[in-house]
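**Student:** Just the structure for this:
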Amino acid sequence: MLVDICQQEAYYLLVSKIKFGEVIHLARDNAGLSLRELASRTGIDFTRLSKIEHGRRPAPELSKIRALADLLHLNMADLLVAAGTSREVMEHLLWSERLKSRKTPHDPCSYLPAAWPFVGKNAFRVRVLTRDRALCLVALGGEKLAVLTFISDEEFVIRIPPEMVMVYRRKSHAVAGSAENMFSAQVKKVRQLGQVANLVLSCKGFELNTLHSQRKVMEMDVRKEERVFVVVQATAIQAFPIQSEEDDSYEA
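**Tutor:** Sure, this is the predicted structure:
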């Protein structure tokens, strides 16, 4: 496993030394396409594409990079690395692009990158307050959350996927059903990760990470210290039995 990781890191280091324009130029020649033909088929302005190949313009937006990758039979990750994108941000970009292609917003997110930095976020140890068959009401900090689980233990670990947390500026916009959880929070941080935005929310006794498209956050105009309303469906919360002493590190 360690050898695989080292080999992968060496590969990314090698690719990162190749300029984006050089990759496109070589691939275009190999495909037998003229500069004008490639510009026409990708929707990139001819002059701009010429300057990109000669290193006088930066790489285009993500959708155009995808078009170039498809037409020239190039690996999308290789192009992003050659464009100067860090490995972490590259994985965020690929994940966000694939996330947009899901048929419904609640499909399992099978595209999360292996080194996804938020995998360990939003994991908390909770205590059951009431139980009605699979529907449990648990205590998390100063909030009470509805969770659907067949775990019979009085305490277990829950994980709230950051991409499944919905944020609203006004309570009237947050329509909560009987199987959803809604509570207020304060925006602690707003971080841009490529085309993905990470909001860190300060809630009652716990901190919650959320992930949204950069465009969504810009449209909402959410800012640091602002009060927002959070909605999380009970079916989106994952539950796990407590298996080791390490689980004591989770917030109760």
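**Student:** Not counting its neighbours along the chain, what's nearest residue 207?
**Tutor:** Spatial nearest neighbour of residue 207, excluding adjacent residues (C-beta to C-beta, 6 or more residues apart in numbering): residue 200 at 6.4 Å. Using the backbone N, CA and C atoms, a C-beta is placed for each residue, glycine as well.
**Student:** Could you identify the helix or strand that succeeds the helix or strand encompassing that neighbour?
**Tutor:** Element membership of residue 200 [criterion: DSSP states H and E] is strand 196-202. For strand 196-202, the succeeding helix or strand toward the C-terminus, using DSSP H and E, is strand 207-213.
**Student:** Run through the neighbouring helices and strands of that next one.
**Tutor:** strand 196-202 (3 or more C-beta pairs under 8 Å, 6 or more residues apart in numbering; DSSP states H and E).
**Student:** one step back: what sits against the residue nearest to residue 207?
**Tutor:** Going by C-beta atoms under 8 Å, 6 or more residues apart in numbering, residue 200 touches 187-191, 207-210.
**Student:** at 10 Å instead, please
**Tutor:** By C-beta atoms under 10 Å, 6 or more residues apart in numbering, the contact list for residue 200 reads 121, 162, 185-191, 207-210, 224.
**Student:** same thing with residue 137?
**Tutor:** Residues in contact with residue 137 (C-beta under 10 Å, 6+ apart) are 126, 128-131, 144-147, 181, 234.
**Student:** now, the most widely separated pair of those?
**Tutor:** 131 and 181 (16.0 Å; C-beta to C-beta).
**Student:** Looking at the two, which has the bigger crowd around it?
**Tutor:** The neighbour comparison of residue 131 against residue 181 (other C-beta atoms under 10 Å) goes to residue 181, with 20 against 14.
**Student:** contacting residues around that one?
**Tutor:** Here residue 181 is in contact with 137, 140, 143-147, 160, 230-234, 236-237 (C-beta under 10 Å, 6+ apart).
**Student:** quick one: the top strand by length along the chain to strand 207-213, angle?
**Tutor:** If you go by DSSP state E, the chain has its longest strand at strand 180-193. Strand 180-193 runs at 70 degrees relative to strand 207-213, counting by axes from the mean of the first three to the mean of the last three C-alpha atoms, to 10 degrees.
**Student:** Only the buried residues of strand 180-193, if you could.
**Tutor:** Residues of strand 180-193 classed as buried by neighbour count (16 or more other C-beta atoms under 10 Å): 180-183, 185, 187, 193.
**Student:** before we move on, what about stretch 30-43?
**Tutor:** Buried positions in stretch 30-43, judged by neighbour count with 16+ other C-beta under 10 Å: 33, 38-39, 42.
**Student:** just stretch 223-237 next, same as before
**Tutor:** Neighbour-count burial for stretch 223-237 [16+ other C-beta under 10 Å]: 228-234, 236-237.
**Student:** Could you export those residues as a markdown table, including distance to residue 29, secondary structure and pLDDT?
**Tutor:** As requested, the buried residues of stretch 223-237 are exported to a markdown table (distance: C-beta to C-beta, whole Å; DSSP: H, G, I helix; E, B strand; the rest coil; pLDDT from 0 to 100):
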| residue | distance to residue 29 | secondary structure | pLDDT |
| --- | --- | --- | --- |
| 228 | 51 | strand | 93 |
| 229 | 54 | strand | 92 |
| 230 | 52 | strand | 93 |
| 231 | 52 | strand | 91 |
| 232 | 51 | strand | 91 |
| 233 | 51 | strand | 88 |
| 234 | 55 | helix | 88 |
| 236 | 48 | helix | 86 |
| 237 | 52 | coil | 90 |
